[in-house]
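Colleague: Test case, fold it:
(one chain, ligands or ions: 2)
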Amino acid sequence: MTMRYLSIPKRPFCAALLLSLLLLPSQAACAEGGEGAPPQAALCASCHGADGVPINKQTPVIWGQNEGYLFLQLRDFKGGSRKNDLMGPVAATLERDDMLALAAYFSKLKWPNLQQPDPSADVIAKALSAAGSVGCPACHLAHFQGDGTTARLAGQWQEYLIGTMMAFRDGARGNNPGMSDLMKATAPDDLEALSRYLAGLQIDAYINQDR
Ligand code: HEC
Ligand code: HEC
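Modeller: Ligands and ions are numbered 1, 2, ... in the order given. Model prediction:
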């Protein structure tokens, strides 16, 4: 209990909830600083969103993303095989145990609905054809939910998806040579269609009921 009192001034937005936790220990739920949240979670929320919706479309959703994938990205930002001016300095401050705790924490939160538009039938047909010939679902699974160290793609920002696929393609994102090879083998207009299709996919009725 002493620790909880000490942590209140750092996370004033949780103070009321923390007080209620003292009375109702089982009702833990505060987006960025709740029971069980790693100490860095409030910093993450300043860009990735206090409610899971990131502050802009270049910042990916991390709520509900797969645990192994989240951990590997933090490791790769720190190690430098994935470069980003915003994430690099954040990851540099994290130790392996922090990364494991953050990955476990964010993976258990519910993926937000970003309310992105449904693509046209033409875009869907083009995307499904490209996905079929490259075989994306073999790794990213049938609903593009991914698993383990493979990313969930369904419902991610369209702008982020096309940006990161082009970064794999031109080598700016160098942390997975296999994905780079696949992206090089796929035409940019197919990647554009895939990004629109994936952004519009609402899959939580199938896979996220327990989150
Ligand atoms: C200053 C803004 C900012 C802060 C703070 C921040 N992030 Fe990020 N994060 C980003 C941006 C922007 C990207 C996309 C980088 C890219 O395009 O390669 C990103 C990417 C990521 C990714 C990769 C996701 C994916 O789909 O590949 C993970 C994981 C991540 N951040 C976790 C965290 C965690 C955990 C924290 C807190 C310790 C955090 N971030 C704090 C801006 C931020
Ligand atoms: C052989 C398995 C495999 C196949 C096939 C595959 N991927 Fe991936 N993909 C991965 C893995 C593993 C990652 C995580 C890479 C990392 O750790 O950075 C990934 C990452 C991604 C990311 C980055 C997600 C993020 O949040 O930054 C996108 C986008 C993506 N894949 C799209 C696709 C698309 C579209 C296809 C089909 C055209 C495809 N992938 C085919 C294994 C695969």
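Colleague: so which strand or helix has the residue nearest the centre of the chain?
Modeller: Taking CA atoms, centre = their mean as the criterion, residue 62 is the residue nearest the geometric centre of the chain, at 2.5 Å. If you go by DSSP states H and E, residue 62 is not part of any helix or strand.
Colleague: Hmm, it is touching residue 106, no?
Modeller: Yes - with contact defined as CB atoms under 8 Å, residue 62 reaches residue 106; the gap is 4.8 Å. Where you see a C-beta, it was placed from the backbone N, CA and C, and this is true even at glycine.
Colleague: Which neighbours do those two have in common?
Modeller: By CB atoms under 8 Å, 6 or more residues apart in numbering, residue 62 and residue 106 have these common neighbours: 44, 48, 70.
Colleague: When you filter these down to buried only, what's left?
Modeller: 44, 48, 70 (16 or more other CB atoms under 10 Å).
Colleague: just checking, what packs against the strand or helix carrying the last one?
Modeller: Spelled out, it's residue 70. Assigned by DSSP H and E, residue 70 falls within helix 67-79. For helix 67-79, the packing partners by 3 or more CB pairs under 8 Å, 6 or more residues apart in numbering; DSSP states H and E come out as helix 87-92, helix 96-107.
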